Structures are given as C-alpha cells and as structure tokens.
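[1] what follows is a predicted structure for the sequence shown.
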Amino acid sequence: MRWWSIFARGLAWPLLALMGGVLLSSAVSHLANSSPYFGQLGTPARGIALAGAVASAGFLAVFGWRLYRWEGGHGPDCRYCGGPLGGVRPGKVYYGKQLPDFRRCYNCGRDTPEL
C-alpha cells in the first residue's frame, strides 16, 4: 500500500474546505475594514471560517470512517490493488450507452465499477 497516496487523495477535500473558509473569511474581513459601507460584515467573517473548519472536520470524518471500515474488511476494496475506495460517482454516457457507476481507488487511482 502506498499510504502517502491514500492520505493525499483522501485529505484533498478537507484541506480545500479549510483553506476556502479561511480565505473567504479573510476577504470578507478585509472588505469590512476597508470600506465604511461594509462595516457590519466583520462579525459574519468569523462564522465563515468556522463553517469551513466544520466542513473540513466532516470531510475528514467521512474519510476516516471509510478507512476504518476498509481496514476491518467491511468496506469496498479495489479489484486491482486491494486498496480502499472512495464514494460512488455516476457513470458517464458514451455514444448513448450508460456506463455503470464507479468508485475511485485511493491507492492506485483506478475506477472500480459498482455492479
């Protein structure tokens, strides 16, 4: 198992949620401090950063739960490498043919169809 790959793929959404919340909070706070018209935006800026942190914790909990279930043998595993799989994604349509829904492996990155 390439654990660095598993953690890099699994921690992408929590880090994006945290960084997005902090950056948006910083932008709103800067806007509130620079203009007298937006002076009341200073209080919601803290809430935006907190919402980003809560979303990040939620994404991290889902990723941890998937790893916990996979490690116990109850979660879905990749048919190619045996690694843990992510969430279900809808299949694409090519030339009028619907492909099956799939999960992407956190270890090798291949798609495993949901049958």
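    Here it is on my side, so go on. Only a predicted model underlies this, so the values are computations on that prediction, with no experimental measurement involved.

[2] now do the helices in this structure.
    3-10, 12-34, 42-71 (DSSP state H).

[3] report the rounded mean pLDDT for the shortest one.
    Per-residue confidence for helix 3-10 averages out to 88 on the pLDDT scale.

[4] the chain should start at 44 in everything you say after this.
    Sure, I'll start counting at 44 from here, so that last one is helix 46-53.

[5] relative to helix 55-77, how tilted is it?
    Orientation check (axes from the mean of the first three to the mean of the last three Cα atoms, to 10 degrees): helix 46-53 against helix 55-77 gives 50 degrees.

[6] can you list the helices of the chain in a markdown table and add distance to Q141?
    Every C-beta, even on glycine, is put in place using the N, C-alpha and C of the backbone. Rendered in a markdown table, the data for the helices of the chain read as follows (distance: least, Cβ to Cβ, whole Å):
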| stretch | distance to Q141 |
| --- | --- |
| helix 46-53 | 26 |
| helix 55-77 | 27 |
| helix 85-114 | 26 |
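
[7] R153: which of these is closest?
    Proximity to R153, assessed across the helices of the chain by Cβ to Cβ, is greatest for helix 46-53 (12.0 Å).

[8] elements contacting the closest one?
    Judged by 3 or more Cβ pairs under 8 Å, 6 or more residues apart in numbering; DSSP states H and E, the packing partners of helix 46-53 are helix 85-114.

[9] pLDDT (mean, whole number) over the helix it packs on?
    For helix 85-114, the mean pLDDT works out to 90.

[10] what residues of that helix count as buried?
    88, 91-92, 94-96, 98-99, 102-103, 106, 109-110, 113 (16 or more other Cβ atoms under 10 Å).

[11] distance between that helix and the chain's centre?
    The chain centroid and the centroid of helix 85-114 are separated by 9 Å under Cα atoms, centre = their mean, to the nearest Å.

[12] same check on stretch 50-68?
    A distance of 8 Å separates the C-alpha centroid of stretch 50-68 from that of its chain, computed with Cα atoms, centre = their mean.

[13] distance to L59 added to the buried residues of helix 85-114, as TSV?
    Supplementary listing: the buried residues of helix 85-114 in TSV, determined by distance: Cβ to Cβ, whole Å:
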residue	distance to L59
A88	19
I91	15
A92	14
A94	14
G95	9
A96	13
A98	9
S99	8
F102	9
L103	12
F106	13
R109	17
L110	19
W113	23
